[in-house]
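Chemist: just coords:
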C-alpha cells in the first residue's frame, strides 16, 4: 500500500429498523452470542478500531451502549446515513463496513476484501452470489466516497447498491458463496441458527422421526432414528416415501420439526424430531 | 385454562365449573359424539390419536385466539383419545361470557378451528369390517381432491365433508 492509503476502521451497521424480523436484529443470538457482538468481534480481529453505527435513539440500548459508537449525524434514511456519518467523523479513514445481520460472514471473507482492496476507487465490495449486484454492507468505503455519497443523497439517492453500481468501485467475487447471506425474517433466522448450531457434517446427521395415524400404519412403526443426508423435511420425505410408499402425496401433508409447524424447505439440524402430519380430523 | 386430552370419559360437570365467573351471564357448550354412520357406511366405533406435543400448543393458540376475538370470560376444550364407542363424547368445548351471543360465536369458532388445525386423527371402523382414517383415505385415492391451502390459517387442512360428528 502506498503512503497515501488511508487507514481502515471497522463500522458495524446496527441501526436498521428490522421491520421484517419484527425485532431488533442486533440482539438476535447465534451460538450463544448476539449478532452485534459476533460481528464486532469478527471485524475486531482484522482492524484495530471498530465502531457501531447507531441512530440517536439507540445509544442507550445495552448491547450497543458498551461499544464505541458513531451516531448518525446526517439526515435521510437507510445505511448510507451510517456510512456517511462515519466518513464525516473521521475524514481521513477508510471504513470496513459490515452489516450486523450476516451470520455466516467469515474471517476469510474479510481477509479477501482487505487483501484485494483498491484504495484508488471509492469502494471495494463483493458482488452478490445471488444476483450479481454489489454488496454495499460488507465493503471497504474510501474517504473519497464521502463527497460522492453526499451528492448522491442530495439528488434523492438512497440505495447504496445503486450507488456502487453507478460509481468507480472494485467488485470482487466472494470465494464463499454463503458468507454474505443475510437474515431478514424469523424463518431465515431459524434456518441460520440451525445451520450454525449443527456440529455434524452437513451431508449426514441423525434425525428422529415420529409417525402418527395413517403414516404410522404405512411406516409400520411409531418412531425411528435415522442417519440421513436429507437437508430439509422435503428431502427427508422423499427418502422415506421411497422406502415406505406412503399413499398421501406431500402436498396433502404438513410437517412439524421439534413439535412446531415448519416449512418444507427449512434446514434440518442433527437431533431434530420430525413429524409428517396427514390431514387432521379432530372433533 | 389449557386445551387438554383425556383417555377417559370427559367430565363435563367438572369442566363446566372451571368456566364459572361472577361476570358471566351464561355459558355455551358443544359436545361432539360418535355416531353410527358416515358417508353411507355403518360405523361401529372410532379410534382417536393425537400428536400431543404439537396439538396442545395449537389447541392453546385457538383458545387464546377465541379470547382475543370475542368478549368472553373463559374458554376450554377437552378432546378424547383412544377407542370410543357409539354415543361416546369425543370432544367438549365450553365458553362462558357476559352475554349469550359471544358465547355461541366463540364456541362455534373453537370447535371449527380445532377440527381444522389440531393434529388429531380418527380412524373409523365399519360394520363391513373395513376401517379408514378420516380425511386421509379418500385424498390418497383421489389426489385431485387435494386439500387447499387457502383456508386462512397457516396450518389448516381444508376439511372434507365426512365427519362422523354433527357439523
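Modeler: Cool, the structure landed. Worth saying up front: this structure is predicted, and the values here are computed from it rather than measured.

Chemist: residue ranges of the strands in the stretch 151-283 of chain A, please?
Modeler: Using DSSP state E, counting those that start in this stretch, the strands of the stretch 151-283 of chain A run over A:169-172, A:205-210, A:223-228, A:254-257, A:261-262, A:273-277.

Chemist: ugh, wrong one, chain B
Modeler: In chain B, the strands defined using DSSP state E lie at B:4-6, B:26-33, B:37-38, B:41-50, B:72-80, B:82-85, B:89-97, B:120-126, B:131-133.

Chemist: name whatever forms a beta bridge with residue A:209.
Modeler: Beta bridges link residue A:209 to residue A:224, residue A:274, judged by DSSP bridges.

Chemist: thinking again about what came up before, okay if I get the strands of the stretch 151-283 of chain A as CSV plus mean neighbour count and mean pLDDT?
Modeler: The C-beta positions use only the backbone N, C-alpha and C, and glycine is treated the same way. Shown next, in CSV, are those (neighbours: other CB atoms under 10 Å in any protein chain shown; pLDDT from 0 to 100):
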stretch, mean neighbour count, mean pLDDT
strand A:169-172, 19, 94
strand A:205-210, 18, 94
strand A:223-228, 14, 92
strand A:254-257, 22, 98
strand A:261-262, 18, 96
strand A:273-277, 21, 97
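
Chemist: make JSON lines out of the strands of chain B and add mean pLDDT, distance to residue A:167 and mean neighbour count.
Modeler: Formatted as JSON lines, those follow (pLDDT from 0 to 100; distance: least, CB to CB, whole Å; neighbours: other CB atoms under 10 Å in any protein chain shown):
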{"stretch": "strand B:4-6", "mean pLDDT": "97", "distance to residue A:167": "63", "mean neighbour count": "16"}
{"stretch": "strand B:26-33", "mean pLDDT": "98", "distance to residue A:167": "67", "mean neighbour count": "18"}
{"stretch": "strand B:37-38", "mean pLDDT": "92", "distance to residue A:167": "70", "mean neighbour count": "15"}
{"stretch": "strand B:41-50", "mean pLDDT": "96", "distance to residue A:167": "60", "mean neighbour count": "18"}
{"stretch": "strand B:72-80", "mean pLDDT": "98", "distance to residue A:167": "60", "mean neighbour count": "23"}
{"stretch": "strand B:82-85", "mean pLDDT": "97", "distance to residue A:167": "70", "mean neighbour count": "14"}
{"stretch": "strand B:89-97", "mean pLDDT": "98", "distance to residue A:167": "64", "mean neighbour count": "24"}
{"stretch": "strand B:120-126", "mean pLDDT": "96", "distance to residue A:167": "60", "mean neighbour count": "22"}
{"stretch": "strand B:131-133", "mean pLDDT": "94", "distance to residue A:167": "63", "mean neighbour count": "20"}
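
Chemist: now residue A:86, what's its secondary structure?
Modeler: helix (DSSP: H, G, I helix; E, B strand; the rest coil).

Chemist: show the pLDDT at it.
Modeler: For residue A:86, the pLDDT comes out at 96.

Chemist: what does residue A:179 give?
Modeler: For residue A:179, the predicted pLDDT is 83.

Chemist: now it. Nearest residue, chain neighbours left out?
Modeler: Leaving out its chain neighbours, the residue that sits closest to residue A:179 by CB to CB, 6 or more residues apart in numbering or on different chains is residue A:109, at 4.0 Å.
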